[in-house]
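Participant: A structural model of the following input is requested.
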Amino acid sequence: MNIFPKIIKNQLNTCIKNLSDRKENYVMRPGKDFTRKRCLPFEKVIQFLITMSDGSLAKELLEFFNLDVKTPTTSSLIQQRNKIKPEALLHLLHDFVGTYKNIKTYKGYRLLAIDGSNINIPTNPNDTETYAVGTKNSRGYNILHINAIYDL
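Facilitator: Coordinates of the predicted model:
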């Protein structure tokens, strides 16, 4: 059995825990945000954000919470998500990538797989960088394009 995926997942969970231990640096209102016990604490929101795919928020929440009847609402997720600064995910990325020191090569080359995906974000016509106009009779939407890299 290959234990490498478990090692990577444990490294990621450790990085998320470390980020959570310093969450005051990554929330909008330090000392206020994420101080009460909720069903979506800082760590869970971060885990959710990095594991969600292309489903609706409601569907993604249900999957994340294993179809539990106590699954938080999309509104509560959005409220909790809005308390986190974008720098939190950037810090997590750098922290996680920094834990992986053993880079393997094939004939001297590092093999990477790269793919692009679109991510729908809340509609905001004032955000001209991400706002896209739909068809003639439809409402516009905001979308981000992400290029992901996977070390083969």
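
Participant: tally of neighbours for the nearest residue to residue 83 once chain neighbours are set aside?
Facilitator: The shortest distance from residue 83 to any residue other than its chain neighbours is 4.1 Å, reached at residue 33 (CB to CB, 6 or more residues apart in numbering). For glycine as for every other residue, the C-beta is placed from the backbone atoms N, C-alpha and C. By the other CB atoms under 10 Å criterion, the neighbourhood of residue 33 contains 18 residues.

Participant: in this protein, which spans are helices?
Facilitator: With helices called from DSSP state H, the chain shows them at 4-21, 42-51, 57-64, 74-81, 87-99.

Participant: residues making contact with the longest one?
Facilitator: So the one you mean is helix 4-21. Contacting residues not belonging to helix 4-21 are listed as 26, 41-43, 46-47, 88, 91-92, 95-96, 99-100 [CB atoms under 8 Å, 6 or more residues apart in numbering].

Participant: now swap in the third one and tell me
Facilitator: Residues from elsewhere that reach helix 57-64 (CB under 8 Å, 6+ apart): 47-48, 51-53, 55, 71-74, 77-78.

Participant: now it: buried residues?
Facilitator: Applying a neighbour-count criterion of 16 or more other CB atoms under 10 Å, the buried positions in helix 57-64 are 57, 60-61, 64.

Participant: pLDDT and distance to residue 139 added to those residues, as JSON lines?
Facilitator: Converted to JSON lines, the buried residues of helix 57-64 look like this (pLDDT from 0 to 100; distance: CB to CB, whole Å):
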{"residue": "57", "pLDDT": "92", "distance to residue 139": "18"}
{"residue": "60", "pLDDT": "92", "distance to residue 139": "22"}
{"residue": "61", "pLDDT": "94", "distance to residue 139": "24"}
{"residue": "64", "pLDDT": "92", "distance to residue 139": "28"}
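
Participant: so where's this protein shaky on pLDDT?
Facilitator: Counting by pLDDT under 70, the chain shows low-confidence ranges at 1, 100-101.

Participant: just say which of the helices of the chain is most tucked in.
Facilitator: Mean neighbour counts were taken over those using mean count of other CB atoms under 10 Å, and the top value, a mean of 18, falls to helix 42-51.
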